[in-house]
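Predicted model follows, preceded by the sequence.
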Amino acid sequence: SSLATPDRKQTMGVVLNRLVQTIRFDRDAFVWMQFNDRATGDALIIVAITEVLFLIAGGTPLFGLVTSFTAVMSSLLSAVIFWLIYSGLVYAIVAFLFRGEGRYPIYLRMAGFAFPTLLLTIATTQIFGNDLIATLVGSLWFILVVAYGTHYVSDLPLDRSIVAAVLGWAGWIVVSTILGGFSLF
């Protein structure tokens, strides 16, 4: 019976392995995401952990994560809203504009597993000093991971998959502006 149900340690090992595969553009990670419904919850956890890392990198002390419950929850909610909307935009662009394949949950998984690549914006902010340029450069890896996953899942050529990922990002900027500027970082 214990062989049939993997323990948490094994499960987290699989998730971390898939995360590394995702950020390395390994096709196996996207195959796993396509056929593993549990990966959606894993993607949500990855988004939340990444957002906490952003808070810590932004100067929030570990103790502050506990004492500033409202600020932390607001930041987490912002990250989850980005994840949901961005994934939906990419899915809609692929499905309705380019007539590609795939279901919305798969796009959620791809964006969730790509989310940690946005941590690159921390380094690019230090290098460039300009938040806009740093965000654009730091987001490039995220967009390319989503584009590669979209290419695999949707059966679209890579150039259209890149366009879908970029349009999803541009769409998020429009939507977040309309909604009052939810902060991503």
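Yep, it's here. These numbers come from a predicted model, not from an experiment.

what ranges do the helices span in the protein?
8-23, 27-35, 39-57, 62-67, 69-92, 104-114, 120-128, 131-154, 158-178 (DSSP state H).

for the ones you listed, which one ends up most surrounded?
Across these, the average number of neighbours (mean count of other Cβ atoms under 10 Å) peaks for helix 104-114, which reaches a mean of 25. The C-beta positions use only the backbone N, C-alpha and C, and glycine is treated the same way.

just checking, what packs against that helix?
On a contact count with 3 or more Cβ pairs under 8 Å, 6 or more residues apart in numbering; DSSP states H and E, helix 104-114 meets helix 8-23, helix 27-35, helix 39-57, helix 69-92, helix 131-154.

rerun that using 10 Å as the cut-off
helix 8-23, helix 27-35, helix 39-57, helix 69-92, helix 131-154, helix 158-178 (3 or more Cβ pairs under 10 Å, 6 or more residues apart in numbering; DSSP states H and E).

which stretches of this protein have low pLDDT?
Filtered on pLDDT under 70, the chain yields the residue ranges 1-10, 62-64, 66, 181-185.

what about 90?
1-15, 54-74, 119, 121-138, 176-185 (pLDDT under 90).

out of the helices and strands packed on helix 104-114, nearest to residue 99?
Of all the helices and strands packed on helix 104-114, it is helix 131-154 that lies closest to residue 99, at 9.2 Å by Cβ to Cβ.

Would you mind putting the CA coordinates of that closest one into PDB?
Written as PDB, here are the backbone C-alpha positions of helix 131-154 (Å, rounded to 0.1, in the frame of the first residue of the first chain):
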ATOM      1  CA  ASP A 131      12.100  49.200 -13.100                       C
ATOM      2  CA  LEU A 132      10.500  49.200 -16.500                       C
ATOM      3  CA  ILE A 133      13.600  47.900 -18.300                       C
ATOM      4  CA  ALA A 134      14.300  45.400 -15.500                       C
ATOM      5  CA  THR A 135      10.700  44.100 -15.600                       C
ATOM      6  CA  LEU A 136      10.900  43.700 -19.400                       C
ATOM      7  CA  VAL A 137      14.300  41.900 -19.300                       C
ATOM      8  CA  GLY A 138      13.400  39.900 -16.300                       C
ATOM      9  CA  SER A 139      10.100  38.800 -17.800                       C
ATOM     10  CA  LEU A 140      11.700  37.500 -21.000                       C
ATOM     11  CA  TRP A 141      12.500  34.100 -19.600                       C
ATOM     12  CA  PHE A 142       9.000  33.700 -18.300                       C
ATOM     13  CA  ILE A 143       7.500  34.600 -21.600                       C
ATOM     14  CA  LEU A 144       9.800  32.200 -23.500                       C
ATOM     15  CA  VAL A 145       9.000  29.300 -21.100                       C
ATOM     16  CA  VAL A 146       5.200  30.000 -21.600                       C
ATOM     17  CA  ALA A 147       5.800  30.300 -25.400                       C
ATOM     18  CA  TYR A 148       7.700  27.000 -25.500                       C
ATOM     19  CA  GLY A 149       5.000  25.200 -23.500                       C
ATOM     20  CA  THR A 150       2.300  26.800 -25.700                       C
ATOM     21  CA  HIS A 151       4.200  25.600 -28.800                       C
ATOM     22  CA  TYR A 152       4.100  22.000 -27.400                       C
ATOM     23  CA  VAL A 153       0.500  22.000 -26.100                       C
ATOM     24  CA  SER A 154      -1.200  24.000 -28.900                       C
END
